[in-house]
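1. Show me how the following folds:
(one chain, ligands or ions: 2)
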Amino acid sequence: MKSMIIGGGSIGLLMAAYIHQAGVDVCLCTRTSKQADALNADGVTLHAEGITKNMSIHSIQLDQAPIEEADMLVFAVKSYDLHTVMKQIAPKLKQHQVLLFLQNGMTHVEEASQLENPSIGIGTLSHGALRESATVVRHTGVGELRWANYHKSSSFLTEMMTQMNQEDFVVKEENSWQEVLWSKLLVNVCINPLTALTGVKNGDILASVELKQMMRNVFEEAIQLHPRNPDYIIQWEKVLQVCKQTSQNQSSMLVDLRNKRRTERDSILGYLVRLAQSRNVSIPFIQFLDQAIREREHNF
Ligand SMILES: NC(=O)C1=CN([C@@H]2O[C@H](COP(=O)(O)OP(=O)(O)OC[C@H]3O[C@@H](n4cnc5c(N)ncnc54)[C@H](OP(=O)(O)O)[C@@H]3O)[C@@H](O)[C@H]2O)C=CC1
Ligand SMILES: CC(C)(CO)C(=O)C(=O)O
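-> Ligands and ions are numbered 1, 2, ... in the order given. Predicted coordinates for the structure are as follows:
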């Protein structure tokens, strides 16, 4: 099996390292030739749980990549870059290829819905990863990759994902992609905007009565839009659990704002605001957070 990862950021480097470790042929497709050259010279260095591993992994700039030769394509770019990437690779995309999307938020589902490939996986990662340089990634929090078929069950996709499953990189198949994405969306909408606007770490939300109450308000607005009537208590406990497990993390939205980078606001908050409007549901807290993050981004 030949896999290609698109995007040499934190998740792209992490996925490349673990797919390589699983014995699967992997090529990392980067935005710049500079990063591809650095990776071909130095390989990927993975720091995980006190151990450092260096792996020789082939890399190529996406423009030059023989996309048509891949059995599997893993999309590891931010949600707002996905449309450009899909347009870039469209002429080389083949229908038999397995495609795996790993974005946070929801807007990438629109991209997946445009594709004719029968084998599409929608996944979320509860791993933490941080790119330290063009070739070095730190596995900052061990989690798992949960995924589900976007269309009906594909044995080809299951076979490929099973090959990736390892003791230190657990890959779990779930029944519903909506459940996989919504469960992560609830976590992201509860934690990311509040931490981004107040500048606190994830765990600090639980230490403040006011912040925890605000998070609860956001949660209640978001969960009423869930398509499948989920168990409120289980979903709320999950949000609290992620706050605890990642208590020392700065959320990705906070890090993006601090670095004056675009956030994934639209795919998380924007998606919910649009969904609420289409259903005539009032979500004032989420609407406020959406506007506030948007303002911060405009002022860069
Ligand atoms: N980091 C984490 O711990 C987690 C991230 N996620 C999700 O994973 C996704 C990826 O996040 P993350 O890896 O952190 O993001 P990064 O910003 O670290 O990486 C994104 C990468 O995409 C590359 N890219 C952008 N446009 C193109 C293009 N046209 N062609 C090729 N490459 C391109 C960027 O290249 P360049 O560097 O040259 O700009 C960058 O290397 C996001 O949706 C995020 O929410 C989910 C769970 C955890
Ligand atoms: C789980 C959490 C909130 C960890 O920080 C995350 O996904 C993010 O920061 O985007």
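2. got the residues of the stretch 51-200 of the chain near ligand 2?
-> 104, 187, 188, 191, 192 (CB under 6 Å from any ligand atom). All C-beta spots, glycine's among them, are computed from the backbone N, C-alpha and C.
3. what does stretch 173-185 rub up against?
-> Under the criterion CB atoms under 8 Å, 6 or more residues apart in numbering, residues 104-106, 109, 122-124, 126, 146-150, 158, 161, 222, 226-228, 230, 235, 238, 268, 271-272 lie in contact with stretch 173-185.
4. How many residues are close by residue 67?
-> Residue 67 is flanked by 20 other residues according to other CB atoms under 10 Å.
5. Let's see the pLDDT reported for the nearest residue to residue 171 once chain neighbours are set aside.
-> With CB to CB, 6 or more residues apart in numbering as the criterion, residue 171 has its nearest non-adjacent residue at 4.1 Å, and that residue is residue 165. Residue 165 is assigned 95 on the pLDDT scale.
6. give me every residue that touches residue 165.
-> When contacts are taken as CB under 8 Å, 6+ apart, residue 165 is in contact with 22, 171, 172.
7. Need the phi and psi values for it.
-> phi -70, psi 130 (degrees, to the nearest 10).
8. I'd like to know how far residue 291 sits from residue 85.
-> According to CB to CB, to the nearest Å, residue 291 and residue 85 sit 28 Å apart.
9. That should have said residue 17, apologies.
-> For residue 17, the distance to residue 85 - CB to CB - is 21 Å.
10. The two - which one has more neighbours?
-> residue 17 (26 against 20).
11. roughly how far apart are the more buried one and ligand 2?
-> Look at residue 17 and ligand 2: by CB to the nearest ligand atom, to the nearest Å, they are 19 Å apart.
12. which parts of stretch 53-73 are buried?
-> Residues of stretch 53-73 classed as buried: 57, 59, 60, 61, 62, 65, 67, 70, 71, 72, 73 (neighbour count, 16 or more other CB atoms under 10 Å).
13. Any chance of the residues you listed in CSV with pLDDT and secondary structure as columns?
-> Listed next are the buried residues of stretch 53-73 as CSV, based on pLDDT from 0 to 100; DSSP: H, G, I helix; E, B strand; the rest coil:
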residue, pLDDT, secondary structure
57, 98, coil
59, 98, strand
60, 98, strand
61, 98, strand
62, 98, helix
65, 98, coil
67, 98, helix
70, 97, coil
71, 95, coil
72, 96, strand
73, 98, strand
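14. Closest one to ligand 2 out of those residues, please.
-> Within the buried residues of stretch 53-73, distances to ligand 2 taken as CB to the nearest ligand atom reach their minimum at residue 73, with 22.6 Å.
15. And whichever residue of the chain sits closest to ligand 1, how far from ligand 2?
-> Minimum separation of the chain from ligand 1 (CB to the nearest ligand atom) falls at residue 9, amounting to 1.7 Å. Residue 9 sits 13 Å away from ligand 2, going by CB to the nearest ligand atom.
16. ok, that residue - contacts?
-> Contacts of residue 9 by CB under 8 Å, 6+ apart are 76, 77, 78, 131.
17. surely the first one meets residue 6?
-> Yes. Using CB atoms under 8 Å, residue 76 makes contact with residue 6 at a distance of 6.3 Å.
18. which residues are in contact with both of those two?
-> By CB under 8 Å, 6+ apart, residue 76 and residue 6 have these common neighbours: residue 12.
19. The closest residue to residue 166 other than its chain neighbours: neighbouring residues, count only.
-> Among residues not flanking residue 166 along the chain, residue 22 sits closest, at 5.7 Å (CB to CB, 6+ apart). Neighbours of residue 22 under the rule other CB under 10 Å: 17.
20. I'd assumed residue 164 was in contact with residue 22.
-> Yes. Between residue 22 and residue 164 there is a contact at 5.1 Å, judged by CB under 8 Å.
21. who are the neighbours in contact with the closest residue in space to residue 250 that isn't next to it in sequence?
-> Leaving aside its chain neighbours, residue 250 sits nearest to residue 201 (5.8 Å; criterion: CB to CB, 6+ apart). Shown in contact with residue 201 (CB under 8 Å, 6+ apart): 195, 247, 248, 249, 250.
22. can you check residue 7 too?
-> Residues near residue 7 by CB under 8 Å, 6+ apart: 29, 30, 31, 75, 76, 77, 81, 85.
23. of all the buried residues of stretch 53-73, which comes closest to residue 90?
-> In terms of CB to CB, no member of the buried residues of stretch 53-73 lies closer to residue 90 than residue 67, at 9.4 Å.
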